[in-house]
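Chemist: Coordinates for the following, if possible.
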Amino acid sequence: MQLLRGLFKGGTATDETIAAAYMTGILPIKKYGTQSALTDFREYTMVEPFVLSEYVGFTERKVRNLCHKYDLSFEEIKRWYDGYSFSDIGSVYSPNSVMGAVMFKKFKSYWASSENYESLKGYISMNFDGLKDAVIAMLGGERIRVNTSRFQNDMTSFRSRDDILTLLIHLGYLAYDEAARKVFVPNLEVAEAFQDAVEGDGWEEIKRALSESENLLDATLDGDCAAVETALEEIHDSNFSVLKYNDENSLSCAITLAYYTARRDYEIVRELPAGKGFVDLVFLPRRNTDKPAMLVELKYDKDADNAIRQIRENRYDGSLKNYFDDLLLVGINYDKEAKGENRKKHTCVIERICH
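Modeler: Down below sits the predicted model:
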């Protein structure tokens, strides 16, 4: 602030020492009690980039051209590095990450380091106003509402969950949907950073859930309903609050989190329009896998057979015509009224369709 005051407010009316200045940095200028030094200063940020939005990163057109020129899978580039977007130009990608994939012909994280993980872990462990639950929900595919206006634009003056979430937007750990005023984990590269960040103390439940997710996927693909039910109940029994289901939406978030590692082989879509309604969860296999597509219908205080029946009656499988050679229909029900040994009871029915 004092630097800006000296640049823009010092000298006489005829002082022309500085005609214009362009300053860059990760965070916006720190807010103080008065903004009088900023009357001639225009600020562009990850929350409000304005006319500079197309210069924040590579546009999707640029990325498509690079993929074509260097024979790279645009689908993989999008899965690893997409997620940031602005209303006027659409998706933007991290230039460093995209060029890393171009140069080394390998899709991985090119910007995160152990130092980044430690700083991210420090921020999310503060747990202001249920921040930990918000992180868990975002790992499960949820978008979290945020107020970015009260952030003081520094890395020490935190007063609320919104302050931390806003900081993570500016640092690139979260993407921001300006229209909905919500934040979310943008892509696989950042999701891996969050996964590493929750490996430490205080995150034992989520760590256990993520480590169990591979076994859960294997059991589902094998059609082992009993193993799926047991795995879901063990994850729910971890007792972190996002898994204290209140409705089908929170159940959907929890199930998405339970199948977390499936993202390596699947694109997971929630509430996909299909037939006469919406499928709760659709697992679309990626090009590099031979796994079947899956339709997952969730029920709350009903039964898993009813979920499978709903898939068939609403012709949900019609949205996956290209996957009819091998398709799994999965119905999962959670009975919140169960007591005693049946407390936190999940039931599962799996059917395989082959043509």
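
Chemist: Quick check: longest helix in the chain by residues?
Modeler: Across the chain, the helix with the greatest residue count (assigned by DSSP state H) is helix 204-221.

Chemist: so the following helix or strand past that one versus helix 204-221, what angle?
Modeler: Counting by DSSP states H and E, the element after helix 204-221 in chain order, helix or strand, is helix 225-236. Between helix 225-236 and helix 204-221, the angle comes out at 170 degrees (axes from the mean of the first three to the mean of the last three C-alpha atoms, to 10 degrees).

Chemist: chain center to helix 225-236, what's the gap?
Modeler: Relative to the mean C-alpha coordinate of its chain, helix 225-236 is positioned 24 Å out (C-alpha atoms, centre = their mean, to the nearest Å).

Chemist: what's next to the helix or strand that it is followed by, contact-wise?
Modeler: As assigned by DSSP H and E, the chain's next helix or strand after helix 225-236 is helix 248-258. Contacts made with helix 248-258 from outside it, assessed by C-beta atoms under 8 Å, 6 or more residues apart in numbering, are listed as 136-137, 139-142, 206, 209-210, 212-213, 216, 231-232, 235-236, 242-245, 268, 270, 280-281, 296, 298-300, 332, 334. For glycine as for every other residue, the C-beta is placed from the backbone atoms N, C-alpha and C.

Chemist: what do you get for stretch 182-193?
Modeler: In this structure, residues lying in contact with stretch 182-193 by C-beta under 8 Å, 6+ apart are 79-84, 94, 97, 108-112, 116-117, 120, 138-139, 142-146, 165, 168-169, 172-177, 194, 263.

Chemist: Just the buried ones among the residues you listed, please.
Modeler: Neighbour-count burial (16 or more other C-beta atoms under 10 Å) is assigned, among the contacts of stretch 182-193, to 79-84, 94, 97, 109-110, 112, 116-117, 120, 138-139, 142-144, 146, 165, 168-169, 172-176, 194, 263.

Chemist: how about the most centrally placed residue in the chain, phi and psi?
Modeler: What sits nearest the mean C-alpha location of the chain, by C-alpha atoms, centre = their mean, is residue 185, with 2.6 Å. Summarising the backbone geometry of residue 185 under the convention degrees, to the nearest 10, its torsions are phi -80, psi 120.

Chemist: And it, how far from residue 330?
Modeler: For residue 185, the distance to residue 330 (C-beta to C-beta, to the nearest Å) stands at 24 Å.

Chemist: if we can go back for a sec, among the contacts of stretch 182-193, which ones are in strands?
Modeler: Cross-referencing the contacts of stretch 182-193 with the strands (criterion: DSSP state E) gives 84, 144, 145, 175, 176, 177 as the overlap.

Chemist: wait, what's in contact with the fourth one?
Modeler: What it means is residue 175. Counting by C-beta under 8 Å, 6+ apart, residue 175 makes contact with 83, 84, 85, 169, 183, 184, 185, 186.

Chemist: tell me which element residue 334 is part of?
Modeler: When secondary structure is defined using DSSP H and E, the element that contains residue 334 is strand 327-335.

Chemist: quick check, residue 46 in a helix?
Modeler: No. Note on residue 46: no helix contains this position according to DSSP: H, G, I helix; E, B strand; the rest coil, which reports coil.
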